[in-house]
Every structure is written in C-alpha cells, then in structure tokens.
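>>> no sequence on this one, just coordinates:
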C-alpha cells in the first residue's frame, strides 16, 4: 500500500476487522470504579478538550473541531442501548476520518439542504469522569450532554452521554489529535428521529 493509500483523509485503510474488534473491546467494561481518576492533570485535560469541542461545534467551527480528532479515529452514534458491535447493529452514524472530513466538506458547501438554514445550537456538558486504561496515557472520559438545536423555527433536544477515548498528551496543544474515538449515546436512541444533521 502506497503513502497516498495510507492517508486517512483519502482512504479508510485502517478500518479493518481488527480495528472494529479493538474498538468494541475498548468500549466495554471501561467504567470500573477502580479505574476512575478523581483529580489531577488527566481530569483537567479532559474537561478542556470536551469544553473546547462543544464550543467549536456551537460556533460552527467544524474545521477546528476536526483538529481535535486523531488521524485514525472513529465517531460512533449507536442506534441501540446496548452499544454493541457497529458491524452488526444499527447506528445513526459510524464515521472514520475520511467520512468526518467528507461530512464537514458537505456542510461547508451550503448545499446540505437539511442544514438550510444552518442550525443554531447550545451544548451543556456535565458530570465529566475520567477512567484509566491498560494503554499508557490513554483515558476514557464519560460525560452527560444536552444539545439544544434551533432550526427553521423549531427547537429540539438531543440528550444522552458521550464516551471519548483520548490519546496520551503530546505537544503544547492539549486538544489537537486527542480524540481517538467518540461514542454518542442518546437516551432515546431506540425511538424514531428526524435525521440528526448537526454534529452531536
């Protein structure tokens, strides 16, 4: 495979069965009390990244939002409460890096009719908890969220909890490339929804 083929912006080369298997394993049994980090730099960093992500999305700064994700990442909105295997279960979205960049590009064209007019949003992020993992420096972060969306004269709410898998800290910018994977769990994921055209 050539260098061009291994560009995650152009190719989904890394999304293999091994990638899926590791992702499912990473998002199972991570929230043990014995792994919870109550204070310290990991918690401060996690809050900073999650609050920055919310601000970028509310301000429609989608390119800046993309910088928070690692080159080989996953963005996952399960359509079932058991959050099982995205290869076998319905999902509202399952995106790799290439698909995230495609989504941002489409929204920026002005021809995404589900975003005409563009939604206005306000995000609240609470109950942030950080958990250690078996991989050095890698953490799992659980948070509750509510997104209020105003679109075309209507208001609707998206509520649930998110789980971020964060890479070890590196460099001066605490957020760039930090998000290895993000799972968005809606409390009403098993109900009918209008297309979630905003990024949750």
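Yep, it's here. Values in this document were obtained by computation on a predicted structure and should not be read as measured data.
>>> for the top helix by length along the chain, the distance to its chain's centre please.
Criterion DSSP state H: the longest helix present in the chain is helix 41-58. Helix 41-58 sits 12 Å away from the centroid of its parent chain (C-alpha atoms, centre = their mean, to the nearest Å).
>>> can you check stretch 142-149 too?
Per C-alpha atoms, centre = their mean, the centroid offset for stretch 142-149 relative to its chain is 12 Å.
>>> Now stretch 8-24: buried residues?
The neighbour-count check on stretch 8-24 (16 or more other C-beta atoms under 10 Å) flags 8, 11, 14-15, 20, 23 as buried. From N, CA and C alone the C-beta is placed, and that goes for glycine too.
>>> Export the residues you listed to a markdown table and append columns for pLDDT.
Supplementary listing: the buried residues of stretch 8-24 in a markdown table, determined by pLDDT from 0 to 100:
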| residue | pLDDT |
| --- | --- |
| 8 | 94 |
| 11 | 93 |
| 14 | 95 |
| 15 | 94 |
| 20 | 95 |
| 23 | 96 |
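>>> now, which of those lie within helices?
Counting by DSSP H, those contribute 20, 23 to helices.
>>> can you count the residues close to the closest residue to residue 151 other than its chain neighbours?
Once flanking residues are discounted, residue 151 sits nearest to residue 119: 4.3 Å by C-beta to C-beta, 6 or more residues apart in numbering. Neighbours of residue 119 under the rule other C-beta atoms under 10 Å: 18.
>>> now, among the buried residues of stretch 8-24, which is nearest to residue 125?
For the buried residues of stretch 8-24, the residue nearest residue 125 by C-beta to C-beta is residue 23; the value is 22.8 Å.
>>> quick one, helices of the chain?
Using DSSP H, helices in the chain cover 17-26, 41-58, 62-67, 97-109.
>>> Now render those as CSV, adding distance to residue 156.
As requested, these are arranged in CSV below (distance: least, C-beta to C-beta, whole Å):
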stretch, distance to residue 156
helix 17-26, 29
helix 41-58, 15
helix 62-67, 20
helix 97-109, 18
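>>> Of those helices, which is nearest residue 137?
helix 41-58 (8.9 Å).
>>> what packs against that closest one?
helix 62-67, strand 120-132, strand 139-151, strand 154-166 (3 or more C-beta pairs under 8 Å, 6 or more residues apart in numbering; DSSP states H and E).
>>> That one to strand 154-166, inter-axis angle?
Angle, helix 41-58 to strand 154-166, by axes from the mean of the first three to the mean of the last three C-alpha atoms, to 10 degrees: 150 degrees.
>>> in helix 41-58, what counts as buried?
42-43, 45-46, 49-50, 52-54, 56-57.
>>> who touches residue 150 in this structure?
Going by C-beta atoms under 8 Å, 6 or more residues apart in numbering, residue 150 touches 119-121.
>>> can you list these in TSV and add distance to residue 27 and pLDDT?
Shown next, in TSV, are the contacts of residue 150 (distance: C-beta to C-beta, whole Å; pLDDT from 0 to 100):
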residue	distance to residue 27	pLDDT
119	28	89
120	31	94
121	25	96
